[in-house]
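Asker: predicted model follows, preceded by the sequence.
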Amino acid sequence: MSANDKKESKQDTLEREVESVVDEETAGLDPAEAGRIREKVRARVLEEVERERRIRTAAERRAEERRRREEKRRERLHEEGEMFERFNRNFRFQHIVMFTSVIILVITGMPIKFPEFVLSRFLVNMWGGIHNATIVHRIGAGMLIYFMVHHLFYTVFSRQGRRDFILLIPTPKDARDAVQNVRHFLGKTGEKPRFGRFSYIEKFDYWAVYWGCVIMIGSGVFLWGEEIVLKFFPKYVLDVAHEMHSDEAMLATLAIVIWHFYNVHFNPDRFPGTLMWWHGQISEHEMKEEHPLEYEEIMAKRSKQKTAEVPNP
Amino acid sequence: MRGTFLAAAIFIALGVIAQGFWFPADARISLEKCTLCHGKPEFRKILVDGKIRDLFATADSLKGSVHEKKTCVDCHFDVSEIPHRQRPQRVTCTHCHYKGNAEGAPQSDAYLEYFGSVHGNAIAGGNTKAPLCQDCHGNHSIRKTKDPTSEVSRGNVAETCGRCHIEIYAVYKTSIHGVAVSQGIPEAPSCTGCHGEHKIYAHKDPKSTVFATHVAAQCSTCHGSVSIMSKYGIEAEQVTTYQNSFHGVASGFGSRTVANCASCHGVHDIRPSEDPRSMVNPKNIPATCGKCHPGANPNFAVGKMHVDSHSKESGIIYYTAQFFKYLTIGTMLALIAHIFLDMYGRTRRLRGDK
């Protein structure tokens, strides 16, 4: 009952408000004319009120959603601690471009290496024949070349890129880490190796992609412009490029499907996959677990900043 | 009255049966009647366009042919009176040669294939120059295919086809296959070896055995067979190397523009690569490749065409393939070992042993 009353009173207030606005609008006119346009003005005012109401609810819905998301995150934070940004937006974009292009390249290229495989005919016919598949393959190639150029610029001109590149250079510690990790797997030592920002596994992934891109793009460009290449080189150069392209494709695909998929999808810690490639965030828990040296470094930096901020008494 | 009728009926019936016994004599009579005119060597007709139609035919015409025991009217069955008033129709072989016939003519569906073929369709379309059965198999001298004197025997069929396809015949005759056939090499292909016998289609027709995407399969029936090719010192691996090349793979996926065997080696003028007239002679390769790859230059001819990365003769290509083979095996072994060690460690820790 009371809710109904409240609604009624709200309706009344609205009615009164509308009346007052209409009065205001028609104040300057003579009564006869005011009577004529009164209805029109009223309708317009009501329309405006309605629009206002809709906008407010949409905004409210958005705010509500944001609040819920924040709450969820805080819940998780409680479990996992603070979220750190592991990959910045630029890096995530590069990764998305790369894996999109690699998927395109694999599904259009592998049928040519294995024409007898059951899926091959489907994968070729999906594009409308081998001719179209070769065009799609070149689109994928263009994306991969763009990624490579983008990444080179990122490495040279971005501060984060430069820093990451230096951290990705293999060091003797990586060999020691690998040995210790294997010993840890076998139960010879209880301690896991303590990784920095990039473990030897991630360094391997990075340099595998580097090597793959150089070989694939290098030989692929030769095969793409075969008529120009044959103006300057004998045919066996193209045959070597063809062999490299075909064999490295196999190696890269196997490395991605077996190694990378295990590390980011099928690994029991990650299954069925992390969304880190999308949001780039890593939790404090994971950070301590997998990149303890980086975590300590960040913490040390923070405490240094704090001590710097605190003024001497 | 009734008895008389019955006697007459029996008499007539006996007469009909008796005719069967006298039939051969009757046939001879019929043949003699025909050869009254057709047995004269100068019996011929001059057609309106000035050509001479030889109408000479005697008992010897059918000698040695599969129709030796037949008479004139068995095939020229529209001749019912002698002399015949109008020109008899062209002989229709399907009068006897159909499945389930009572004449004892060979029974097969092979004849039916002719009707769908390019020749059969041309006839159906009203082309009077298109060949009927007798145009290839011969008129009176029809012999079995195995008979070397037959017009459709291995050695003669090219000449038979060449009666109409004269230019192609001239090209084919000097090609490696034409020369091989005339030398009596039993596996060498004549026209029918590639084009088929009754089901010959235009090469643009997807049903054709020499359609762009079927050429490789057609050539490889012989060239893919080691037992045939080893006899003549030809490599049989050309088929597999083609199938593994981009040309072969794209052709297998149904591309009609990509090169098949005939695009490079020629169609009727296939010659060994040592022959300077061969399309695949190193001297001619720029022109041959240039048909599809504009601006082809002698660089196209440097290096082996049919590359097999598994054979050592391929040189640097072989070593590239080997390098990647061992790189892949080594890397994958290490990675998979790492994965299994990781899983082993996890299981061990889950079980609680340290």
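Answerer: Thanks, I have the structure now.

Asker: tell me the contacts of A:P193?
Answerer: A:176-178, A:180-181, A:184, A:199 (C-beta atoms under 8 Å, 6 or more residues apart in numbering or on different chains). For every residue, glycine as well, the C-beta is placed using N, CA and C.

Asker: look up phi and psi at it.
Answerer: Dihedral pair for A:P193: phi -60, psi 150, per degrees, to the nearest 10.

Asker: kindly report the same for B:I46.
Answerer: The phi/psi pair for B:I46 (degrees, to the nearest 10) is phi -100, psi 120.

Asker: follow-up on the earlier one: of the contacts of A:P193, keep whichever come out buried.
Answerer: Buried members of the contacts of A:P193, scored by 16 or more other C-beta atoms under 10 Å in any protein chain shown, are A:177-178, A:180-181, A:184, A:199.

Asker: returning to that earlier point: show me which of the contacts of A:P193 is closest to chain B.
Answerer: A:H184 (6.4 Å; C-beta to the nearest C-beta).

Asker: separation between the closest residue to that closest one other than its chain neighbours and A:S303?
Answerer: Excluding its sequence neighbours, the residue lying closest to A:H184 (C-beta to C-beta, 6 or more residues apart in numbering or on different chains) is A:K192, at 5.4 Å. To A:S303, A:K192 is 25 Å away according to C-beta to C-beta, to the nearest Å.

Asker: who's more crowded, these two?
Answerer: Legend: neighbour count by other C-beta atoms under 10 Å in any protein chain shown for A:K192 and A:S303, higher for A:K192 (15 against 10).

Asker: let me know the pLDDT of B:N101.
Answerer: With respect to pLDDT, B:N101 scores 79.

Asker: B:T160 too?
Answerer: For B:T160, the pLDDT comes out at 91.

Asker: same question, B:E32
Answerer: 73.

Asker: now it. Its backbone dihedrals?
Answerer: phi -60, psi -40.

Asker: now do it against chain A, distance only.
Answerer: Distance, B:E32 to chain A, by C-beta to the nearest C-beta, to the nearest Å: 67 Å.

Asker: isn't B:T209 right next to B:E197, touching?
Answerer: No. Using C-beta atoms under 8 Å, B:T209 is not in contact with B:E197; the gap is 10.3 Å.

Asker: any idea how chain A splits into domains?
Answerer: Per automatic domain parsing, the structural domains of chain A span A:2-77, A:83-307.

Asker: could you measure from B:H214 over to B:C161?
Answerer: Separation of B:H214 from B:C161 (C-beta to C-beta): 20 Å.

Asker: for A:F232, same thing?
Answerer: In terms of C-beta to C-beta, A:F232 sits 46 Å off from B:C161.

Asker: these two: which has the busier surroundings?
Answerer: Set side by side, A:F232 and B:C161 show more neighbours around B:C161, with 21 against 9, by other C-beta under 10 Å.

Asker: now do the SS call for that one.
Answerer: Under DSSP: H, G, I helix; E, B strand; the rest coil, B:C161 falls in the helix class.

Asker: pretty sure it sits against B:C194.
Answerer: No. Taking C-beta under 8 Å as the definition, B:C161 is not a contact partner of B:C194, at 11.5 Å.

Asker: interface residues of the stretch 101-250 of chain B facing chain A?
Answerer: Residues of the stretch 101-250 of chain B that fall close to chain A, judged by C-beta under 8 Å from any C-beta of the partner chain: B:246, B:249-250.

Asker: low pLDDT regions in chain A?
Answerer: The model of chain A has pLDDT under 70 over residues A:1-7, A:73, A:76-80, A:310-313.

Asker: spell out which parts of it neighbour chain B.
Answerer: Counting by C-beta under 8 Å from any C-beta, chain A sits next to chain B at A:111-112, A:115, A:121, A:124, A:129-131, A:133, A:182, A:184-187, A:190, A:226-227, A:230-236, A:239-240, A:242-244, A:247-248, A:250-251, A:254-255, A:258-259, A:262, A:267-268.

Asker: residues in contact with stretch B:187-195?
Answerer: Residues contacting stretch B:187-195 (C-beta under 8 Å, 6+ apart): B:152, B:154-155, B:157-158, B:161, B:172, B:177, B:180-181, B:208-210, B:218-219, B:222, B:228, B:231.

Asker: ok so, going back, which ones are touching the residue nearest to A:H184?
Answerer: A:K192 sits next to A:180-181, A:184 when contact means C-beta under 8 Å, 6+ apart.

Asker: 10 Å - rerun?
Answerer: A:177, A:180-181, A:184-185, A:289-290, A:292, B:345 (C-beta atoms under 10 Å, 6 or more residues apart in numbering or on different chains).

Asker: B:E274 now?
Answerer: Contact partners of B:E274, counting by C-beta under 10 Å, 6+ apart, are B:280-282.

Asker: so it: helix, strand or coil?
Answerer: Using three-state DSSP, the structure places B:E274 in coil.

Asker: from chain A, how far off is it?
Answerer: Remark: distance between B:E274 and chain A (C-beta to the nearest C-beta) = 19 Å.

Asker: what's the spacing between that residue and B:M229?
Answerer: Between B:E274 and B:M229 the computed distance is 17 Å (C-beta to C-beta).

Asker: do the same with B:T320
Answerer: 28 Å.

Asker: same deal with A:A27?
Answerer: Going from A:A27 to B:M229 by C-beta to C-beta gives 107 Å.

Asker: next one: A:F222
Answerer: 33 Å.

Asker: list the buried residues for stretch B:208-228?
Answerer: Neighbour counts over stretch B:208-228 (16+ other C-beta under 10 Å) mark B:208-220, B:222-224, B:228 as buried.

Asker: give the contact list for B:G162.
Answerer: Contacts of B:G162 (C-beta under 10 Å, 6+ apart): B:168-170, B:172-173, B:191.

Asker: what ranges does the stretch 251-354 of chain B have for its helices?
Answerer: B:261-265, B:285-290, B:316-351 (DSSP state H, counting those that start in this stretch).

Asker: distance between the last one and the chain's centre?
Answerer: Taking the mean C-alpha point of helix B:316-351 and that of its whole chain, the gap between them comes to 52 Å (C-alpha atoms, centre = their mean, to the nearest Å).

Asker: anything in it near chain A?
Answerer: Yes. Using C-beta under 10 Å from any C-beta of the partner chain, we find that helix B:316-351 touches chain A at B:316-325, B:327-329, B:331-332, B:334-350.

Asker: may I have stretch A:136-151 exported as CSV, CA atoms only?
Answerer: C-alpha atoms of stretch A:136-151 as CSV (Å, rounded to 0.1, in the frame of the first residue of the first chain):
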residue,chain,number,x,y,z
VAL,A,136,44.2,-15.4,-47.6
HIS,A,137,47.7,-16.8,-46.8
ARG,A,138,49.2,-13.6,-48.2
ILE,A,139,46.9,-11.5,-46.0
GLY,A,140,48.1,-13.5,-43.0
ALA,A,141,51.6,-13.0,-44.1
GLY,A,142,51.0,-9.2,-44.4
MET,A,143,49.8,-9.2,-40.8
LEU,A,144,52.8,-11.1,-39.6
ILE,A,145,55.2,-8.8,-41.4
TYR,A,146,53.3,-5.8,-39.8
PHE,A,147,53.7,-7.5,-36.4
MET,A,148,57.4,-8.0,-36.9
VAL,A,149,57.9,-4.3,-38.0
HIS,A,150,55.7,-3.1,-35.1
HIS,A,151,57.7,-5.2,-32.6
